[in-house]
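1. turn this into a structure:
(chains A and B)
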Number of protein chains: 2
Amino acid sequence: MTEAELKKALAEVAGAVETMLAELMPDAAGPIGRLRAAMRHGSLNGGKRLRPFLLVGSADLFGVPRERSLRAGVALEMVHCYSLVHDDLPAMDDSDLRRGQPTVHKAYDDATAVLAGDALLTEAFGVLADPATHPDPAVRCRLVAGLARAAGSEGMVGGQAIDLSAERHGLDLAGIERLQALKTGALIAYACEAGALLGEASPEQTAALVDYARLLGLAFQIVDDLLDVEGTTEELGKPAQQDADLGKATFVVHLGVDGARRRAAELADKARCRLDSFGENADALRRTIDFVLARRS
Amino acid sequence: MTEAELKKALAEVAGAVETMLAELMPDAAGPIGRLRAAMRHGSLNGGKRLRPFLLVGSADLFGVPRERSLRAGVALEMVHCYSLVHDDLPAMDDSDLRRGQPTVHKAYDDATAVLAGDALLTEAFGVLADPATHPDPAVRCRLVAGLARAAGSEGMVGGQAIDLSAERHGLDLAGIERLQALKTGALIAYACEAGALLGEASPEQTAALVDYARLLGLAFQIVDDLLDVEGTTEELGKPAQQDADLGKATFVVHLGVDGARRRAAELADKARCRLDSFGENADALRRTIDFVLARRS
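-> So this is what the prediction gives:
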């Protein structure tokens, strides 16, 4: 798979995700219409849709029909988007800009942003539980339980709590790895876990994919830290130098720019190894590693 | 069933809910421990646990084992509690007091209250999807899908959006009924729907129970409006006269105190009729109507 082919595949999944998201949040009259518009603003914003892409790519390994893996990917993306909407709130990171657009609380108001995030999270579970996601309800229950774990207090939200804590500034490298494994890693790992669940993969296959995702997620975060230092606000679509301005300990603070880049490359190599047993079928997932390392936003 | 017996039954369910909630949110080290403490603060606060009681009472009609209906009731209560935690935020109702205690954002901070609410909501779905809630995954999926609907943008969160909207002050009686049917009614109706789902009730039985719950929910809300006018802050455990101070249209504003009381009694009678087909078994649900009408907090 060439870089151009990967970009095409990414764009294809992103387009399908965008369409399905819009269908799930139709317009409505009155205040509910405004809430829905805020939900769309927080989710239909041209994101990379990396998590759905990983989910679909993992499910593809087992021949899962795309309409199923896309639905699960959309549910996962709704959870990712809700977390960004709440993260941007004045009470949290207080960000005005996201992907070059005003954040939801800026475009609407704080209360609407809280509610839009709440609704995105709530309805994501409805999408997973729907028979259209998988004909076997046992598989759907596992998808729901897995997402609740990955997004809850021992997963993403737990990571956010660490990120906002007083201890945040003094974290050592192991502490930052743990923080990021929860804050961004848990949902990325779930993407591959969900693909394996949909495909009723063996425990070994599932473990290999989840390992791949964890390593990729960590590399992704290191690149994020590098971009925060090296990128411009225009490239990023959000303020650059945010972490440095807040005095947060990051991979770059601990490892330096070159050290962080080396560490990301090492993790990428390890992630690649975890795909060996899947042969050529895993080319899209393999190529995604390069994409994550090379990304500029 | 006497009033004393109902109070005993309520206390029994409330105690079991409290125990199970505490087990689901164990202590942890560091910032996640603080997040968990905030989750417990927002949920282990001696609430009436009316929603779990309705769920358990509905499930009892069909001989559902209590350990199953209590789990579903706990999940529902987690969603109810998350909605209170977010509702109390400065960006929303800005309340300092809830059940006589400082609200979560007062006892902790705004960011922690956002995250604690998010985690309660997320993990509620994990509780429902767990095999301990019901052995049949198809039933569990229906529970998840139903809760996502009742709590999402067409249910509770939709009601909250109406409640916070600019249109709120000018609502007529039908508008207030619709608002309350969503904001508080949807979860109360889900309580009985979930009991019916667990008991694999017939469509007629389910419809009767859901009707009962909708009527009860509306009566509950009218009593809430009456208490806001007539109760004291000490009795309520939250500021009295909040609605009047905010100039909100309520049932009392439209119907007057006597008219509102009459309307609540009419709804109560209708709710009672919906239980006729269940005979004596529905005594607890019948008695709950009186409890809701007579409550002082």
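
2. I'd say A:Arg142 and A:Leu197 touch.
-> Yes: between A:Arg142 and A:Leu197 there is a contact under C-beta atoms under 8 Å: 5.3 Å. In short, each C-beta sits where N, CA and C put it, glycine included.

3. of these two, who's got more company?
-> A:Leu197 (25 against 20; other C-beta atoms under 10 Å in any protein chain shown).

4. got the CA positions of the helix or strand A:His105 falls within in PDB?
-> Secondary structure from DSSP states H and E places A:His105 in helix A:104-107. Coordinates of each C-alpha in helix A:104-107 appear next as PDB, following Å, rounded to 0.1, in the frame of the first residue of the first chain:
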ATOM      1  CA  VAL A 104     -18.400  24.200  20.900                       C
ATOM      2  CA  HIS A 105     -18.700  26.400  24.000                       C
ATOM      3  CA  LYS A 106     -17.400  29.400  22.000                       C
ATOM      4  CA  ALA A 107     -19.800  28.800  19.100                       C
END
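
5. which parts of that helix are buried?
-> Using 16 or more other C-beta atoms under 10 Å in any protein chain shown as the test for burial, helix A:104-107 gives A:104-107.

6. strands along the stretch 51-200 of chain A, start to end?
-> Along the stretch 51-200 of chain A, the stretches classed as strands by DSSP state E, counting those that start in this stretch are A:97-98, A:101-102.

7. now the last one, how far from the centre of its chain.
-> If you compare the mean C-alpha spot of strand A:101-102 with that of the full chain, they lie 19 Å apart, counting by C-alpha atoms, centre = their mean, to the nearest Å.

8. any idea of the mean pLDDT for it?
-> For strand A:101-102, the mean per-residue pLDDT is 94.

9. what are the pairing partners of that strand, and which direction each?
-> strand A:97-98 (antiparallel) (DSSP bridges).

10. low pLDDT regions in the stretch 151-297 of chain A?
-> A:236, A:238-239, A:244-245 (pLDDT under 70).

11. can you name the residues of it that neighbour chain B?
-> A:151-154, A:157-158, A:160-162, A:164-165, A:167 (C-beta under 8 Å from any C-beta of the partner chain).

12. rewinding a little: quick one: residues in contact with the helix holding A:His105.
-> A:38, A:41-42, A:85, A:88-90, A:96, A:101, A:112-113, A:116-117 (C-beta atoms under 8 Å, 6 or more residues apart in numbering or on different chains).

13. and if we set it to 6 Å?
-> If you take C-beta atoms under 6 Å, 6 or more residues apart in numbering or on different chains as the criterion, helix A:104-107 is touched by A:38, A:41-42, A:85, A:89, A:96, A:113, A:116.

14. same deal with stretch A:149-158?
-> Contact with stretch A:149-158 is made by A:79, A:182, A:186-187, A:190, B:32, B:35, B:115, B:118-119, B:122-123, as judged by C-beta under 6 Å, 6+ apart.

15. one more pass at 7 Å, please.
-> A:79, A:83, A:182-183, A:186-187, A:189-190, B:32, B:35-36, B:39, B:115, B:118-119, B:122-123, B:126 (C-beta atoms under 7 Å, 6 or more residues apart in numbering or on different chains).

16. and stretch A:76-85, average pLDDT?
-> Per-residue scores along stretch A:76-85 average to 98.

17. and the most centrally placed residue in chain A, what pLDDT?
-> Nearest to the geometric centre of chain A sits A:Arg51, at 4.7 Å (C-alpha atoms, centre = their mean). pLDDT for A:Arg51: 98.

18. among the contacts of helix A:104-107, which two are most distant?
-> Farthest apart among the contacts of helix A:104-107 by C-beta to C-beta are A:Asp96 and A:Ala116. That separation is 16.4 Å.

19. who has more neighbours out of the two?
-> Remark: of A:Asp96 and A:Ala116, A:Ala116 carries more neighbours, 31 against 14, as counted by other C-beta under 10 Å.

20. which residues sit in contact with the more buried one?
-> With C-beta under 7 Å, 6+ apart, A:Ala116 has these contacts: A:35, A:38-39, A:42, A:85, A:104.

21. and these, which two are furthest apart?
-> Longest span within those, C-beta to C-beta: A:Leu35 and A:Val85, 11.9 Å.

22. which helix runs longest in chain A?
-> Ranked by residue count and defined by DSSP state H, the top helix of chain A is helix A:203-230.
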